[in-house]
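Peer 1: sequence first, then the predicted structure:
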Amino acid sequence: MEGRGDSFLQDIRAGNHSFRADEPKTLGGTDKGANPYDYLLAALGACTSMTLRMYAERKQWPPDRVSVRLRHEKIHAQDCEECETVDGKVDRIERDVTIEGDLSVTLTEGDSEAKSEAIVIDEIEVFVEPK
């Protein structure tokens, strides 16, 4: 990763791939790349979709399409029931997942494997703590 001293613009290399990060003009950037939150959401969404696709294929549930929609916002810590901190603001990311295709599965009551399959999406978690 490389940035210039007079700009938020960052040139990023990941393996054989190159891309840019920047801030919008309203925040002092040049808007020549996605902002860091856009990349964070893209990474979380890709991880969710890829993991779900891999899991579905392993269970022989071939989805036609997996869509992940993520939203980020800053909220007051005091409004977050699950948060340990109560001061300032915290980041909240909401995720909606849509799966299209023939995913019909027969579930039997009390089947622990079926229960674990139903919650596989919620097991894809990432924790970020400020230092």
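Peer 2: All right, it came through fine. Residues are numbered from 1 along each chain as shown.

Peer 1: just checking, what packs against the helix or strand hosting M54?
Peer 2: Counting by DSSP states H and E, the element that carries M54 is helix 36-58. With contacts defined as 3 or more Cβ pairs under 8 Å, 6 or more residues apart in numbering; DSSP states H and E, the secondary structure elements packing on helix 36-58 are strand 65-76, strand 89-100. C-betas here are computed from N, CA, C, even on glycine.

Peer 1: can you give the distance from it to the centre of its chain?
Peer 2: Going by Cα atoms, centre = their mean, to the nearest Å, the spacing between the C-alpha centre of helix 36-58 and its chain's C-alpha centre is 6 Å.

Peer 1: below-threshold pLDDT in the protein: ranges please.
Peer 2: Of all residues in the chain, those with pLDDT under 70 make up the ranges 103-131.

Peer 1: from I75, how far off is the residue nearest in space to the middle of the chain?
Peer 2: Among the residues of the chain, the one closest to the centroid is L44, at 2.3 Å (Cα atoms, centre = their mean). Plainly put, L44 is 17 Å away from I75 if you go by Cβ to Cβ, to the nearest Å.

Peer 1: repeat that for V90.
Peer 2: Distance, V90 to I75, using Cβ to Cβ: 6 Å.
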